[in-house]
Structures are given as structure tokens and as C-alpha cells.
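Student: give me a 3D structure for the following:
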Amino acid sequence: MRPLHAAMHGKPFSAEQTEFCANLRMLCGYYRSVADVCRKLNINRAQFNRYLNGTSTPSNHTLDRICDFFGVEPAEIYLPRDHFHQIVQVRPRQRAEHAAYAEHITRLQRHSTGKCEKYLGYYYEYYYSMSAPGKVLRGLVHVFMQDGAVYHERLERFPQHANLDEAYKCKYIGGAFYLNDRIFLVDYESMTGNEIAQTILFPTYRNKVARLSGLMLGVSSSNQRSIACARVVFEYLGKTIDLRKAMRLCGLFDPKEGAIDATILKVIDNSPQKDQHHFYTIPL
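Tutor: Predicted coordinates:
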């Protein structure tokens, strides 16, 4: 059983508390530094140091977070250090390897810092639907920054009735990266969890963002679950918008009815281009 979390000041450490401190220090040794662990756990460094030296003990909630991060059980971290080391000598190494892969994503996000701020805000996306052949889909995309990294949401609406609340919706969430003069969006359909999509866009070198063109790779929601690639255009709306009004203007459109700008239709046309052996985007 886990010991009661009493204040340790002025009292000798219990055997379990002493082992907890030693085991926690050993787990931190699998990472670059204690500061690195604190950043990943989002725990104050000074407070974490008190856990390491035994002058304070984490709450049950914080202890669960720490143990989940290191891949151990709360009851295990109080075991004698030799026994604990035998139990986790493989698991921490695996966690460290996994953390190394996660660090690549963090590196990509850091590399994108300062390059994506220009593109933060809301966009309409336009592309020929992968599930409704011949129809143009207008969706809503929000690119935003959180905790120093850039993320995005894509909202798509397929009206089945006049009432917005009764329309079929898809919500994609993911990360945004800026690499070598290209913008990469990787996301997954969060409501069903059955699709990952990638969009690659050309950036703009103008002071103001207007439209971005690129390619989207995804999977249709039809029974065949076909893999498809489509040309796409993002149309910038601004930093703040009337979200409900913008969503009401999303949906599927017949390109012949004039609801979609002709210049957008030209760029998202998926017809093969002369003398091209691959599927390329059409520059704006």
C-alpha cells in the first residue's frame, strides 16, 4: 500500500519514502535531465525537486501522473530500490526510446515556431469531395497556437436537413508544421477515429494571407474506403469569425451552380495535367 502523504519536514523519512526518492531519481536518469522530465510532465521544477529529496510527497493525482509518465504502477515506486530496478530495467528503456520518437515531433514543432504565426486563424477549405463525387466540399479550418506549438482543427459539414444541428459532421484535429517552404497539416477524424489525413500547402510570400493551394491525401467515407488525393485551396477568413455563421456556409456544392468562386474551381480541378506523370498541385 502507498504511505499516507504527510508533511515530511522535521520528521525522519520512512523506509518507503526513502525508496520512493531513490526510485524516482533512477527513473529520471533515463531522460536527459530532471528539467526535461519536468517540462514533459508540466510539473514545477522546484516542487519536483522536493519530491526527489523527500521534503514533500506528491498528491495521489500527481503521483498517478508521474507513474503513468514513467510506465510504472504507484505501488511499485515504493518498492525497495533493488527490487524496483529489476522490475523496470526493461520498461524505462522502452519508455526512453518512445520518448526519443516523441522528441522528433517536438523538434518539428520547435522548427516551425516563428514561421507559422502568419498563418494562424480561420480558413475555408475547398476540394472535390472524396465521398460525394462531383461535389465541392467547403469546410472550416482553424489554425492556432497552444503551448508554443501549432495545431489545427478541420470541421466539415454534410447537410442532411435544413437544421444545422441535424447535419452530419466530421471533426479532424492535428498538428501543423512548416518545413522547407511548405506547410504540412497532419490530422485524424476525432469523432470516429477511422481516418488520418495529410494536407501539404504552398505558403504565401505576400504580407497578408489570402489563399493557399496544395494537395490533400485522405480516405473516403464510402463503403469502399477508397484512398484518394485531391487538390485543395484554403481561403483565409481572419483571426476571429462568427463560428456558427461560418459553419452554416459549409457543406457540399454543385460546381455548376455558381456558389463557389470560378478561380477556386480552377485550382481544385483534379483533371490530369498535360505532360505530368504525377498528381501535382496547381499554383495560385
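
Student: can you show me the strands along the stretch 51-200 of the chain?
Tutor: 121-128, 136-146, 149-158, 168-179, 182-189, 196-201 (DSSP state E, counting those that start in this stretch).

Student: now tabulate these in TSV and tack on mean neighbour count and distance to Leu27.
Tutor: The way it works is simple: take the backbone N, C-alpha and C, and place the C-beta from them, glycine included. Formatted as TSV, these follow (neighbours: other C-beta atoms under 10 Å; distance: least, C-beta to C-beta, whole Å):
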stretch	mean neighbour count	distance to Leu27
strand 121-128	22	41
strand 136-146	19	28
strand 149-158	20	25
strand 168-179	18	28
strand 182-189	19	31
strand 196-201	19	32
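
Student: okay if I get those strands as CSV plus mean pLDDT and distance to Val209?
Tutor: Formatted as CSV, the strands of the stretch 51-200 of the chain follow (pLDDT from 0 to 100; distance: least, C-beta to C-beta, whole Å):
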stretch, mean pLDDT, distance to Val209
strand 121-128, 97, 8
strand 136-146, 95, 10
strand 149-158, 90, 14
strand 168-179, 90, 13
strand 182-189, 94, 11
strand 196-201, 95, 11
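
Student: so for Tyr236, which of these sits nearest?
Tutor: Nearest to Tyr236 among the strands of the stretch 51-200 of the chain is strand 121-128 (5.5 Å), distances taken as C-beta to C-beta.

Student: what angle sits between that closest one and strand 182-189?
Tutor: 80 degrees (axes from the mean of the first three to the mean of the last three C-alpha atoms, to 10 degrees).

Student: quick one: end-to-end distance for stretch 140-153.
Tutor: 8 Å (C-alpha to C-alpha, to the nearest Å).

Student: just to revisit the earlier point, out of the strands of the stretch 51-200 of the chain, which comes closest to Tyr30?
Tutor: strand 149-158 (23.7 Å).

Student: what's the spacing between that closest one and its chain's center?
Tutor: 10 Å (C-alpha atoms, centre = their mean, to the nearest Å).

Student: what's that strand packed up against?
Tutor: helix 91-112, strand 136-146, strand 168-179, strand 182-189, strand 251-253 (3 or more C-beta pairs under 8 Å, 6 or more residues apart in numbering; DSSP states H and E).

Student: of all the ones you listed, which one is nearest Phe202?
Tutor: strand 182-189 (7.0 Å).

Student: the closest one vs strand 149-158, what angle?
Tutor: Using the same axes, to 10 degrees: strand 182-189 against strand 149-158 is 60 degrees.

Student: compute the number of surrounding residues for Arg231.
Tutor: Using other C-beta atoms under 10 Å, Arg231 has 21 neighbouring residues.

Student: phi first, then psi, for it.
Tutor: Torsion angles at Arg231 (phi, psi; degrees, to the nearest 10) stand at phi -70, psi 140.

Student: how much space is there between it and Lys274?
Tutor: Distance of Arg231 to Lys274, given as C-beta to C-beta, to the nearest Å: 16 Å.

Student: now do Leu52
Tutor: Taking C-beta to C-beta, one finds Leu52 at 66 Å from Lys274.

Student: could the helices and strands packed on strand 149-158 be laid out in JSON lines, adding distance to Phe202?
Tutor: As requested, the helices and strands packed on strand 149-158 are exported to JSON lines (distance: least, C-beta to C-beta, whole Å):
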{"stretch": "helix 91-112", "distance to Phe202": "16"}
{"stretch": "strand 136-146", "distance to Phe202": "15"}
{"stretch": "strand 168-179", "distance to Phe202": "12"}
{"stretch": "strand 182-189", "distance to Phe202": "7"}
{"stretch": "strand 251-253", "distance to Phe202": "24"}
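
Student: how about these, which one is nearest Arg65?
Tutor: helix 91-112 (14.3 Å).

Student: what mean pLDDT does that closest one have?
Tutor: Mean pLDDT, computed over helix 91-112, is 69.

Student: do stretch 48-68 as well
Tutor: 91.

Student: which parts of that stretch are buried?
Tutor: Counting neighbours by 16 or more other C-beta atoms under 10 Å, one finds that the buried residues in stretch 48-68 are 48, 51-52, 54, 56-58, 62-63, 66-67.

Student: want to throw these into TSV with distance to Arg25?
Tutor: Shown next, in TSV, are these (distance: C-beta to C-beta, whole Å):
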residue	distance to Arg25
Phe48	11
Tyr51	10
Leu52	6
Gly54	11
Ser56	15
Thr57	15
Pro58	14
Thr62	17
Leu63	15
Ile66	12
Cys67	15
